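Chemist: I would like to see how this sequence folds:
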Amino acid sequence: MQPKMQLFMLEKEISNYLLKSGNKSLNVKAFLFDMDGVLFNSMPFHAKSWHLAAKEFGLDISEQQAYMNEGRTGAGTINELALRFWGRNATQNEIEEIYKRKAEIFVSCGHAEPMKGAFELLTSIKKSGLKIVLVTGSGQKSLLDKLNHYFPGTFAPENMVTAFDVKYGKPNPEPYLIGLKKANVAANEAVVVENAPLGVRAGVAAGIFTIAVNTGPLPDEILSKEGANVIFPSMQYFAENWEKVIENLRKS
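Modeler: Numbering: from 1, shown residues only. Okay, here's the model as predicted:
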């Protein structure tokens, strides 16, 4: 579907969300952002590092599969692979070893640049007086440290949900439910911004209007099947059309 058509259909999709959720209005007070693939162009590095690290331990995950698994905690991804290839859950020691190796390869990949349009979009949201909460499955310290550098004054520690805060990672709705609590808002008072199929599923399962930004190699259909309310082609497009988006959200 063409980007202009997606923007044109936003009002209709908001109405569909309200009908399905049973809410009378979408009273947006907060935006809940995923990080990898949304704020930073880091997913190519994650996909490569998962593939190479898994291979060293006799496991196999293609870079395409890594994109499909994006959003899970590191332990969740490793356990899924262990069940598939070893027929059992990974031990805590195995999880720590594999994830440590994955993190080493990730760091060696180089510098993950912020997504074009991310800074502008976050600035517009802050100017609109809306809360911003980070909801990521990552525990990658090297990337988390970059938030304050590239988006200063945007992500306070108390408004961040990471792999260390959850028992169940995406696609379980728990991370976004915690995000709602941190923002002190109800599901119909928030919007999720995601790029990953499992992240979209988590946002939808939490009852939140979910905007998918397709910044990776997966077709729109995969994000649509997971329940994305609307799909934008890039963060740049989202930023450039912010006024139209917030106008539709506020008049619902």
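Chemist: And the pLDDT at the nearest residue to residue 235 once chain neighbours are set aside?
Modeler: Excluding the flanking residues, the one nearest residue 235 by CB to CB, 6 or more residues apart in numbering is residue 117, at 3.9 Å. Any C-beta I mention is one placed from the backbone N, CA and C, and that applies to glycine too. Per-residue pLDDT puts residue 117 at 98.
Chemist: do residue 141 as well
Modeler: With respect to pLDDT, residue 141 has a value of 67.
Chemist: on that earlier part again, thought residue 233 was touching the residue nearest to residue 235, still the case?
Modeler: No - applying CB atoms under 8 Å, one finds residue 117 not in contact with residue 233, separated by 10.7 Å.
Chemist: More neighbours: which of these two?
Modeler: Using other CB atoms under 10 Å, the more surrounded residue of residue 117 and residue 233 is residue 117, with 19 against 15.
Chemist: wait, what's in contact with the more buried one?
Modeler: 234-240 (CB atoms under 8 Å, 6 or more residues apart in numbering).
Chemist: Residue 68 too?
Modeler: Counting by CB under 8 Å, 6+ apart, residue 68 touches 197-198, 218, 222.
Chemist: Distance to residue 105 added to the residues you listed, as TSV?
Modeler: Listed next are those as TSV, based on distance: CB to CB, whole Å:
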residue	distance to residue 105
197	23
198	22
218	22
222	26
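Chemist: Quick one: which of those residues has the lowest pLDDT value?
Modeler: Taken together, the contacts of residue 68 show their lowest pLDDT at residue 218, with 90.
Chemist: Is it in a helix, a strand, or coil?
Modeler: When classified by DSSP: H, G, I helix; E, B strand; the rest coil, residue 218 comes out as coil.
Chemist: Name the nearest residue to it, ignoring sequence neighbours.
Modeler: Nearest residue to residue 218 in three dimensions, chain neighbours excluded: residue 67, at 5.7 Å (CB to CB, 6+ apart).
Chemist: Relative to residue 203, how far out is residue 180?
Modeler: Taking CB to CB, to the nearest Å as the measure, residue 180 falls 11 Å from residue 203.
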